[in-house]
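Asker: predicted model and sequence below, questions to follow.
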Amino acid sequence: TQRPYILGIETSCDDTGAAILNRDGNILSESVHSQHSQHLRYGGIIPPIAGELHRQNIENVVSEAFRKANLTPNDIDAIAVTNRPGLVMSLRIGVRYAKYLARKYNKPLIPVHHMEAHALTARMNNQIPFPFLCLLASGGHCILTLVKGVQDFYMLGETMDDAPGEAFDKIARRLKLRYLPEYEWMNGGQAIECASSKATNPNQFEFTLPLSQYKDCQFSFSGIKDNTRRIIERLERDNKLSPDEIIPDHENFCAGLLQTVTKHIARRTQRAIQFCEDNDYITDETGRRLVFSGGVACNDFIYNTLKELCDKLDYEIFRPMKQHCTDNGIMIAWNGMERWLENEETYRNINLDDVTVD
Ligand code: KG4
Ligand code: ZN
């Protein structure tokens, strides 16, 4: 295995993750503690609880990563840690622990931007040169960006309100999908994708396509969320459902919802491609590539729709492996690696007091 070795630590949301990578992006070890089942009980993530669970688990998760890789903290070259954006109480735990290790073992610290890490993960297993267009969709974000370098991102658009994963999670909760055993352990996005695949008539319910009049790269998901809430309330009333009963035809409902979200995402992406072509940011010389990442990229329906769009426009589409699309320590370690290889000196000279959560 090839040095450098980088440890990555991720605690921005509800997963405590750590991983160690080598130069080629080979994963020497990975360790995660998911808080998903604990948060299910409260119907969502409560920030102080998330922070407390990270605090309880961080040491074990990081030690396990070292143990699995058969390495000690002395053996690694640098520590990468997510310091933004995310839940402040969660981020602080990871950053504090990373600083503690960096001080104790005298290792350089690399602060990593969570969304940049999502964007670059695809480069770990594929030859994807800069620049490329990137669509990041998760529980906290929806971003279209032109990635020109490891730290050179040109923002084309983002969501004006909710993120798509957040909308899926809230709607799945409102639909009470968790009451059905087959969806019990799934996150909202997975449950909606799975229910959609059983639909017999995806057009049974009507959803309004957001921002259909606007020709920019902005996203909006709050309208769809309100739209669905109204439909669910009406169905509950009309069918006189008790509080723990699920609406009939929820599969068709999910399919209609997923189609609308997908259409919105695909239109915005097409718009971003057009913009990059019009301004010669992407040309025959640069090559035409789209990277789709973030938790929502696990969705095969959305991916396949984007793939069709890319085929039509002669773009190559990439997405990381599903387990790397959602939050993990690997993407943080990889971002640390890319930064380290490009700019080792900066991180060797970094002042630990300057690394803060913001
Ligand atoms: O990237 P991620 O793990 O965490 C954030 O940074 O937000 O993304 C989590 C989000 C959740 O909202 C979840 O509903 C969504 O990703 N998600 C999906 C799927 N799997 C996870 N959304 C749609 N389809 C999926 N299969
Ligand atoms: Zn994420």
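Answerer: That came through, no problem. Ligands and ions are numbered 1, 2, ... in the order given.
Asker: my read: G336 touches I6, true?
Answerer: Yes: with contact defined as CB atoms under 8 Å, G336 counts as touching I6 (4.5 Å). To be clear about C-beta, it is placed using only N, CA and C from the backbone, and glycine gets the same treatment.
Asker: now do the shared contacts for those two.
Answerer: Common neighbours of G336 and I6, using CB atoms under 8 Å, 6 or more residues apart in numbering, are 78-80, 110.
Asker: out of the residues you listed, list just those in strands.
Answerer: With DSSP state E as the criterion, strands contain 78-80, 110 from among the shared contacts of G336 and I6.
Asker: output the lowest mean pLDDT helix or strand found in this protein.
Answerer: Least confident helix or strand of the chain, by mean pLDDT, DSSP states H and E, is helix 36-40 with a mean of 85.
Asker: right, is it up against ligand 1?
Answerer: No: between helix 36-40 and ligand 1, judged by CB under 6 Å from any ligand atom, nothing touches; the nearest distance is 9.9 Å.
Asker: which outside residues touch that helix?
Answerer: For helix 36-40, the external contacting residues (CB under 8 Å, 6+ apart) are 14-15, 45-46, 49-50, 53, 178, 185, 187.
Asker: for the following helix or strand past that helix, packing partners?
Answerer: Using DSSP states H and E, the next helix or strand after helix 36-40 towards the C-terminus is helix 47-69. Secondary-structure packing of helix 47-69 (3 or more CB pairs under 8 Å, 6 or more residues apart in numbering; DSSP states H and E): strand 6-10, strand 15-21, strand 27-34, helix 36-40, helix 88-105.
Asker: and among those, the most buried is which?
Answerer: Of all the helices and strands packed on helix 47-69, strand 6-10 has the most neighbours on average by mean count of other CB atoms under 10 Å, namely a mean of 30.
Asker: how far off strand 27-34 does it point, in degrees?
Answerer: 10 degrees (axes from the mean of the first three to the mean of the last three CA atoms, to 10 degrees).
Asker: what's strand 6-10 in contact with?
Answerer: Contacts of strand 6-10 (CB under 8 Å, 6+ apart): 16-21, 58, 62, 65-66, 73, 76-82, 94, 97-98, 101, 110, 112, 114, 117, 327-337, 340.
Asker: show me how far it is from its chain's centre.
Answerer: Chain-centre distance of strand 6-10: 17 Å, with CA atoms, centre = their mean, to the nearest Å.
Asker: stretch 218-230 and ligand 1, are they touching?
Answerer: No: judged by CB under 6 Å from any ligand atom, stretch 218-230 and ligand 1 are separated, with a smallest distance of 11.1 Å.
Asker: do the same with stretch 50-67
Answerer: No: figure legend: stretch 50-67 not in contact with ligand 1 (CB under 6 Å from any ligand atom); closest approach 12.1 Å.
Asker: now that stretch: buried residues?
Answerer: 50-51, 53-55, 57-58, 61-62, 64-66 (16 or more other CB atoms under 10 Å).
Asker: tell me which parts of the stretch 51-200 of the chain are close to ligand 2?
Answerer: When proximity is defined as CB under 5 Å from the ion, the stretch 51-200 of the chain approaches ligand 2 at S138.
Asker: residues in contact with the residue nearest to P4 when sequence neighbours are not counted?
Answerer: Nearest residue to P4 in three dimensions, chain neighbours excluded: D77, at 3.6 Å (CB to CB, 6 or more residues apart in numbering). Taking CB under 8 Å, 6+ apart, we find D77 in contact with 3-6, 107-108, 340.
Asker: which members of those residues occur in helices, if any?
Answerer: Among the contacts of D77, DSSP state H puts W340 in helices.
Asker: if we can go back for a sec, quick one: which of the shared contacts of G336 and I6 has the most company?
Answerer: Among the shared contacts of G336 and I6, A80 has the most neighbours (other CB atoms under 10 Å), with 31 neighbours.
Asker: list the contacts of that residue.
Answerer: By CB under 8 Å, 6+ apart, the residues touching A80 are 6-9, 98, 109-112, 332-333, 335-337, 339-340.
Asker: quick check, nearest of those residues to I317?
Answerer: For the contacts of A80, the closest approach to I317 (CB to CB) belongs to N335, at 21.2 Å.
Asker: okay, now that closest one: neighbour count?
Answerer: When neighbours are counted by other CB under 10 Å, N335 registers 29.
Asker: distance check, it against L91.
Answerer: With distances taken as CB to CB, to the nearest Å, N335 is found 15 Å from L91.
Asker: repeat for F130
Answerer: For F130, the distance to L91 equals 27 Å [CB to CB].
Asker: can you list the residues of the stretch 201-350 of the chain near ligand 2?
Answerer: D327.
Asker: next one: phi and psi at R23?
Answerer: The phi/psi pair for R23 (degrees, to the nearest 10) reads phi -50, psi -40.
Asker: does V147 have beta-bridge partners, and which?
Answerer: F132, F153 (DSSP bridges).
Asker: N349: which of the contacts of A80 is nearest?
Answerer: Of the contacts of A80, the one sitting nearest to N349 (CB to CB) turns out to be L109, at 11.0 Å.
Asker: grab the nearest non-local neighbour of the residue in the stretch 101-250 of the chain positioned nearest to ligand 1.
Answerer: Minimum separation of the stretch 101-250 of the chain from ligand 1 (CB to the nearest ligand atom) falls at G189, amounting to 1.9 Å. Nearest residue to G189, sequence neighbours excluded (CB to CB, 6+ apart): F168, at 4.2 Å.
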